[in-house]
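# when you get a sec, could you give me coordinates for this:
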Amino acid sequence: MEKYLDILRQSQLFSKMTDKEILIAANCIGAKIKTYKNNENILLIGDKITSLGMIIEGGAIISRDDFWGNTSIMSKLSPPQLFGISYALSTSGLSEVNVVAEKDTKVMYFTIDRIFNSSCAEVEINNKMIKNLVKVLADKNIQFSSKIEHISKRKMRDKILSYLSEVSQKKKSNSFTIPFSRQQLADYLCADRSALSNELGNLRDEGVIEFKKNHFKLYN
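Prediction:
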């Protein structure tokens, strides 16, 4: 675990813990590492989940496919983000999303039951992890609520501006880079790529935005 201590320090799961506490906690909850190749499935809809995962190298896409194969991107994962928590804690324990490696990726898995069954001898450490996990769940709920806000807009223009406005506010700048390619942004906003590209072009021509690939600049 010491090899990955730098990335573990950045994780919300181990927030406000000393290095010693992090190492104790990681061992207590059965930390294991698995490697995935680019485009390899990390998790599929219907999989039984008993562990929460943390991206420690590389990155992944969380998506959901409908019956006809249409993909909707839920979010993008990078180190040291967590995934699988809600489903691991649900009654069924079954995944409702796909998680696919976007590049060569390493995932550290933690057994979810060990966190809530006080497996650690250090009760204080266990309590810190539980509190941190609740905060992670709250943040994820806010993130998905934001997506619902974007895709609920009727017009393509409003979907785009809603998303870009949110990123701008989070970055505290009118110039920023988004984590999505053009196709990924279309999938995230549940939109057709051609329609998205056309509206981006219209917004640029109107002087509302500038963009180059996935870098954007907004104007009043």
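
# show me where the protein has helices.
Secondary structure of the chain (DSSP state H): helices at 5-9, 19-28, 85-89, 112-116, 123-151, 156-171, 182-188, 193-205.

# next, count neighbours for residue 207.
Applying the criterion other C-beta atoms under 10 Å, we find 9 residues in the vicinity of residue 207. Using the backbone N, CA and C atoms, a C-beta is placed for each residue, glycine as well.

# can you tell me how far it sits from residue 218?
Distance of residue 207 to residue 218, computed by C-beta to C-beta, to the nearest Å: 11 Å.

# one more: residue 195?
Distance of residue 195 to residue 218, given as C-beta to C-beta: 20 Å.

# and those two? Which one has more around it.
More neighbours surround residue 218 than the other of residue 195 and residue 218, with 18 against 13 (other C-beta under 10 Å).

# against residue 8, how distant is the more buried one?
Look at residue 218 and residue 8: by C-beta to C-beta, they are 35 Å apart.

# at the geometric centre of this structure, which residue do we find?
Per C-alpha atoms, centre = their mean, the C-alpha nearest to the average position across the chain is that of residue 77, at 4.0 Å.

# need the contact list for it.
The contact partners of residue 77, taken as C-beta atoms under 8 Å, 6 or more residues apart in numbering, are 55, 59, 60, 61, 62, 83, 99.

# try 10 Å
Taking C-beta atoms under 10 Å, 6 or more residues apart in numbering as the criterion, residue 77 is in contact with 42, 53-55, 58-62, 83, 99-102, 105, 107, 179.

# ok, for it, nearest residue in space, not its chain neighbours?
With C-beta to C-beta, 6 or more residues apart in numbering as the criterion, residue 77 has its nearest non-adjacent residue at 4.5 Å, and that residue is residue 60.

# can you verify my assumption that the one you found contacts residue 99?
Yes - in this structure, residue 60 is within contact of residue 99 by C-beta atoms under 10 Å, at 5.3 Å.

# give the buried residues for the least confident helix or strand in the chain by mean pLDDT.
Lowest by mean pLDDT, DSSP states H and E among the helices and strands of the chain is helix 112-116, with a mean of 85. For helix 112-116, the neighbour count (16 or more other C-beta atoms under 10 Å) marks 112, 114, 115 as buried.

# can you list the residues you listed in TSV and add distance to residue 188?
Below are the buried residues of helix 112-116 laid out as TSV (distance: C-beta to C-beta, whole Å):
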residue	distance to residue 188
112	27
114	33
115	30
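
# from these, pick the one nearest residue 201.
Top of the list for closeness to residue 201, among the buried residues of helix 112-116 and by C-beta to C-beta, is residue 112 at 45.7 Å.
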